[in-house]
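Asks: need a structure here:
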Amino acid sequence: MLRQAQHERASRQAQDERFNSYERIIFSMMDLPRILIVRTDRIGDVILSTPVIRALRAAFPDAYLGMMVRPANRELIEGNPDLDAVILFDKDGPQKSGRGTLRFAGELRKHRFDTALILHSTNRVILLAWLAGIRRRIGYARRLRWLLTDPVPYIKREGDRHELEYNLDLLRRIGVESKERTLSVPVRPEQEQKVGIFLEAHGISNGSGSLIAVHPGASCPSKRWPADRFAQVADGLAGRYQARIIVVTGPEEVQFGEQVVGRMAHPALRALGTLSLGEMGALLKRARCLVSNDSGPVHLACAVGTPVVSIFGRWGGGLSPTRWGPTGPKSIALHHDVGCRPCLAHRCPIGFICLEAVTVEEVLAAVGHVAGLTQKKQTA
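Replies: Below is the predicted model:
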């Protein structure tokens with residue numbers, strides 16, 4: 001039985017490889033492939049989609065590649081050398097109404113895309129791809145399956161693999177097998193200059209190597225480690241390693257940053273809701289390490305080469321670090337399965353004991369390890 005099962009798996013794999021080779025040959029024979037990558041959700045989701053851009057450019061050097069994102073995420077891909085077009089879809093603004101959606105579809109049609117890779121399937125983006133006359137529409141069959149020419153079974157909720165891998169899976173529909181796993185986010189010189197001026201004004205020169213960034217924000221309470229514990233970690237890093245601490249948040253998370261700074265005994269720099277995404281990338285690039293909840297800056301730090309210690313609570317339904325953990329080679333995800341079945345995420349009735357299970361000392365040790373910090377001797 002075991003031998004038969006192994007034979008069947010090998011046979012399916014061979015069939016898939018032949019199918020992918022055939023698809024790629026057909027796709028390459030097109031006059032000029034014009035491919036739209038669609039990712040209109042959050043910061044981390046967009047960053048985890050960037051290997052798809054690089055893989056497509058490597059497979060089809062002469063293709064016309066565009067990517068559709070929300071305006072808030074523009075800086076994450078604008079300036080990417082592998083893209084020919086950045087298309088902004090504001091589902092909460094001009095494109096919110098039916099008329100706005102139709103008008104946007106008309107503008108999208110002008111790009112003459114022949115293929116859409118819809119990495120996050122929503123009713124609106126699938127409908128837009130159809131209205132724009134994009135002949136081939138590839139996506140996970142989560143919404144409007146009947147409007148996809150290539151519906152892929154929606155298995156993401158199982159969370160058996162990383163989101164990055166799920167994104168790359170869709171490429172197989174056009175015959176592309178990729179080993180590309182590197183995240184990328186452009187950081188412009190003017191953004192690095194602005195961050196450099198800010199840090200130097202606080203006595204932190206380029207190459208000092210003592211800066212640790214702390215990000216206590218997250219989109220959901222099931223992802224937010226307590227503020228007092230972040231404060232204890234920040235104080236521990238400042239005292240144990242004489243690190244300089246900067247607390248960073250997005251505009252909607254300022255209160256969480258203020259809570260941390262207000263509980264700290266040591267002084268901390270603040271960048272609470274004041275940085276654009278590009279500037280945040282420039283700042284994280286200068287940091288020795290980022291300590292963060294499961295949130296977008298984790299993947300931004302990985303994209304600019306900064307090690308991360310990411311704190312996780314929930315685990316079920318594709319919410320765990322298996323799917324969303326940091327991808328950087330020196331990064332660590334701290335997570336304890338406390339036995340809750342099922343995990344109710346934000347509807348947790350027992351006070352997020354999974355988050356409470358991650359200790360201050362555990363985080364301090366992890367930061368010391370990934371950042372290669374050396375404990376400073378105390379002077380008398």
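Asks: can you give me the strands for the stretch 201-350 of the chain?
Replies: Counting by DSSP state E, counting those that start in this stretch, the stretch 201-350 of the chain forms strands over residues 211-215, 244-249, 269-272, 289-293, 308-311, 332-334, given from the N-terminal end onward.
Asks: for the helix or strand following the shortest one, which positions count as buried?
Replies: Using DSSP states H and E, the next helix or strand after strand 332-334 towards the C-terminus is helix 353-356. Neighbour counts over helix 353-356 (16 or more other Cβ atoms under 10 Å) mark 354-355 as buried. The way it works is simple: take the backbone N, C-alpha and C, and place the C-beta from them, glycine included.
Asks: same check, this time on stretch 204-214
Replies: Taking 16+ other Cβ under 10 Å as the neighbour-count basis, stretch 204-214 is seen to contain the buried residues 204, 210-214.
Asks: of all the strands of the stretch 201-350 of the chain, which lies closest to Phe60?
Replies: With Cβ to Cβ as the criterion, Phe60 lies closest to strand 308-311 of the strands of the stretch 201-350 of the chain, at 32.1 Å.
Asks: using PDB, list the CA coordinates for the closest one.
Replies: Extracted in PDB, the C-alpha atoms of strand 308-311 (Å, rounded to 0.1, in the frame of the first residue of the first chain):
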ATOM      1  CA  VAL A 308      12.900  40.200  13.900                       C
ATOM      2  CA  VAL A 309      11.600  38.800  17.100                       C
ATOM      3  CA  SER A 310       7.800  38.400  16.500                       C
ATOM      4  CA  ILE A 311       5.300  37.600  19.300                       C
END
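Asks: what does it rub up against?
Replies: With contact meaning Cβ atoms under 8 Å, 6 or more residues apart in numbering, strand 308-311 is reached by 225, 289-294, 298, 301-302, 321, 325-326, 328, 331-335, 355, 358, 363, 366-367, 370.
Asks: what is the mean pLDDT for it?
Replies: Averaged across strand 308-311, the pLDDT comes to 98.
Asks: who does that strand pair up with?
Replies: According to DSSP bridges, strand 308-311 has the following sheet partners: strand 289-293 (parallel), strand 332-334 (parallel).
Asks: residue nearest the middle of this structure, spatially speaking?
Replies: Nearest to the centroid of the C-alpha atoms of the chain, with distances taken as Cα atoms, centre = their mean, sits Gly44, at 2.2 Å.
Asks: is it true that that one touches Gly296?
Replies: Yes: taking contact to mean Cβ atoms under 8 Å, the distance of 4.2 Å between Gly44 and Gly296 places them in contact.
Asks: tell me the helices in the stretch 51-200 of the chain, going along the chain?
Replies: Using DSSP state H, counting those that start in this stretch, the helices assigned to the stretch 51-200 of the chain run over residues 74-77, 98-109, 123-131, 163-169, 189-201.
Asks: now do the last one against strand 211-215, angle only.
Replies: In other words, helix 189-201. Angle between the axes of helix 189-201 and strand 211-215 is 110 degrees (criterion: axes from the mean of the first three to the mean of the last three Cα atoms, to 10 degrees).
Asks: C-alpha coordinates for stretch 106-119, PDB please?
Replies: Below are the C-alpha coordinates for stretch 106-119, written out as PDB (Å, rounded to 0.1, in the frame of the first residue of the first chain):
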ATOM      1  CA  GLY A 106     -12.300  51.100 -18.000                       C
ATOM      2  CA  GLU A 107      -9.000  52.600 -17.000                       C
ATOM      3  CA  LEU A 108      -7.700  49.100 -16.200                       C
ATOM      4  CA  ARG A 109      -8.700  47.900 -19.600                       C
ATOM      5  CA  LYS A 110      -6.400  50.400 -21.200                       C
ATOM      6  CA  HIS A 111      -3.400  48.500 -19.900                       C
ATOM      7  CA  ARG A 112      -4.500  45.500 -22.100                       C
ATOM      8  CA  PHE A 113      -3.600  42.900 -19.500                       C
ATOM      9  CA  ASP A 114      -4.200  39.300 -20.700                       C
ATOM     10  CA  THR A 115      -3.600  37.600 -17.300                       C
ATOM     11  CA  ALA A 116      -4.500  38.500 -13.700                       C
ATOM     12  CA  LEU A 117      -2.900  36.800 -10.800                       C
ATOM     13  CA  ILE A 118      -5.300  37.600  -8.000                       C
ATOM     14  CA  LEU A 119      -3.400  36.800  -4.800                       C
END
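Asks: list the contacts of it.
Replies: Outside stretch 106-119, the residues that reach it (Cβ under 8 Å, 6+ apart) are 27, 30, 33-39, 45, 49, 52, 64, 66, 68, 85, 87, 125-126, 128-129, 131-140, 148, 167, 170-171, 174.
Asks: 6 Å - rerun?
Replies: Contacts of stretch 106-119 from elsewhere in the structure, counted by Cβ atoms under 6 Å, 6 or more residues apart in numbering, are 34-39, 49, 66, 125, 129, 132-139, 167, 170.
Asks: buried ones only from those residues, please, as a ChimeraX command.
Replies: Isolation of the buried members of those (16+ other Cβ under 10 Å) is achieved in ChimeraX through the command below:
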select :34,35,36,37,38,39,49,66,125,129,132,134,136,137,138,139,167,170
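Asks: from the contacts of stretch 106-119, which land in strands?
Replies: By the criterion of DSSP state E, membership of the contacts of stretch 106-119 in strands covers 34-38, 66, 136-139.
Asks: Glu253: which of the residues you listed is nearest?
Replies: Distances from Glu253 to those, taken by Cβ to Cβ, are shortest for Val38, at 26.5 Å.
Asks: right, and that closest one touches Met68 too?
Replies: Yes: with contact defined as Cβ atoms under 6 Å, Val38 reaches Met68; the gap is 4.8 Å.
Asks: okay, the helices of the stretch 51-200 of the chain in JSON lines with mean pLDDT next?
Replies: Shown next, in JSON lines, are the helices of the stretch 51-200 of the chain (pLDDT from 0 to 100):
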{"stretch": "helix 74-77", "mean pLDDT": "97"}
{"stretch": "helix 98-109", "mean pLDDT": "94"}
{"stretch": "helix 123-131", "mean pLDDT": "96"}
{"stretch": "helix 163-169", "mean pLDDT": "96"}
{"stretch": "helix 189-201", "mean pLDDT": "96"}
